[in-house]
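Undergrad: For reference, the sequence and a predicted model appear below.
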Amino acid sequence: MAERKPLISGNWKMHHNHFEAIQMVQSLSYQLNADDYNVCDVSVHPPFTDLRSIQTVLESDHIPISLGAQHCHQEEKGAYTGEVSAGMLQKLNVKLVIVGHSERREIFGESNAQINSKVKAIFKHGMTPILCVGETIEEREEGEAETKVRTQLEEGLQDIGRERIGAMVVAYEPIWAIGTGATATPEDAQNMCAHVRESIKSIAGNGSAETIRIQYGGSVKPVNAAELMNQRDIDGALVGGAALEAESFARIIQYRLH
């Protein structure tokens, strides 16, 4: 089995102005050490207005945290008021871009086809997509969870090469567990992440399924991080609320110590 280094990502959503963001990242860096970075990769995904400030802090202080973004537009440039292109993010040394988050799908109506275009744009500019998939509580109760996630993967990864798929990240986020305090049991999370890996195997082959990193997201906290991270097919976490404070996010990154 391929060795997959866990990736712990903090999705700040619409929180922290750039002053607060600088404070947060500096505080986080004081609480982490070389052992933490050796065990897992870490990324932070602030709002667009914070990116340049955080880039400067990470690079000037030599902090080994990857800069991430929460979203991008699929086109290179154009009359798209309020949008930011993948190329613009790449110039800020962004390494990872979240795409297809349930809030983008549910609130802003992003389709699987749009998400597929964004994944391609992110790859084109040398960055790594974190493709989010997940089901609603209604879909889960009706036994449609696996079908929903499989469709999101098939359509979101259409016409993307096997090597690229193997190098990316998929975040399984049950929509009913995002920001609700409800968390899938470790067994539920493992079962769905295993389903994601099986789906990747049929889409892109064994090699890609072995190397792709699968995160779990949905009310990940210091108290449940270790149990989730110890599951066979969970290779990291996409953390929301608990990533907004340096102490709680550091404890999740240090899950092996708790």
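TA: Arrived safely, thanks for sending. None of these values were measured; they are calculated from a predicted model. Numbering: from 1, shown residues only.
Undergrad: What lies in contact with the longest helix along the chain?
TA: The helix that spans the most residues within the chain, counting by DSSP state H, is helix 186-204. Here helix 186-204 makes contact (CB atoms under 8 Å, 6 or more residues apart in numbering) with 133, 145-146, 149-150, 153-154, 157, 162, 165-166, 170, 172, 174, 183-184, 208-209, 212, 214, 216, 218, 224, 227-228, 230-234. In short, each C-beta sits where N, CA and C put it, glycine included.
Undergrad: I'd like the next helix or strand past the least confident helix or strand in the chain by mean pLDDT.
TA: The weakest-scoring helix or strand in the chain, judged by mean pLDDT, DSSP states H and E, is helix 137-141 (a mean of 90). The first helix or strand that comes after helix 137-141 along the chain, using DSSP states H and E, is helix 145-156.
Undergrad: if we can go back for a sec, angle of the longest helix of the chain against helix 145-156?
TA: 40 degrees (axes from the mean of the first three to the mean of the last three CA atoms, to 10 degrees).
Undergrad: starting at the chain centroid, how far to the least confident helix or strand of the chain?
TA: Its chain's C-alpha centre lies 23 Å from the corresponding centre of helix 137-141 when counted by CA atoms, centre = their mean, to the nearest Å.
Undergrad: Buried residues, that helix. List them.
TA: For helix 137-141, a neighbour-count test (16 or more other CB atoms under 10 Å) marks 139-140 as buried.
Undergrad: what's that helix in contact with?
TA: Outside helix 137-141, the residues that touch it by CB under 8 Å, 6+ apart are 145, 148, 174-176.
Undergrad: returning to what we had before: which of the contacts of helix 186-204 count as buried?
TA: 133, 145-146, 149-150, 153, 157, 162, 165-166, 170, 172, 174, 183-184, 208-209, 212, 214, 216, 218, 224, 228, 231, 233-234.
Undergrad: quick revisit: now for the contacts of helix 137-141, which pair is the farthest apart?
TA: Lys148 and Trp176 (12.1 Å; CB to CB).
Undergrad: Same drill for those two, tell me which one is more crowded.
TA: More crowded of Lys148 and Trp176, by other CB atoms under 10 Å: Trp176, with 20 against 17.
Undergrad: what's the closest of the contacts of helix 137-141 to Lys91?
TA: Distances from Lys91 to the contacts of helix 137-141, taken by CB to CB, are shortest for Ile175, at 32.7 Å.
Undergrad: got the contact list for that closest one?
TA: Counted by CB under 8 Å, 6+ apart, Ile175 has contacts 102, 106, 134-137.
Undergrad: Looking at pLDDT only, which of these scores worst?
TA: When the contacts of Ile175 are sorted by pLDDT, the bottom entry is Ile137 at 88.
Undergrad: show me the contacts for Lys13.
TA: Lys13 touches 47, 70, 103, 240, counting by CB under 8 Å, 6+ apart.
Undergrad: what about burial for those, which qualify?
TA: So, by 16+ other CB under 10 Å, the buried ones in those are 47, 70, 103, 240.
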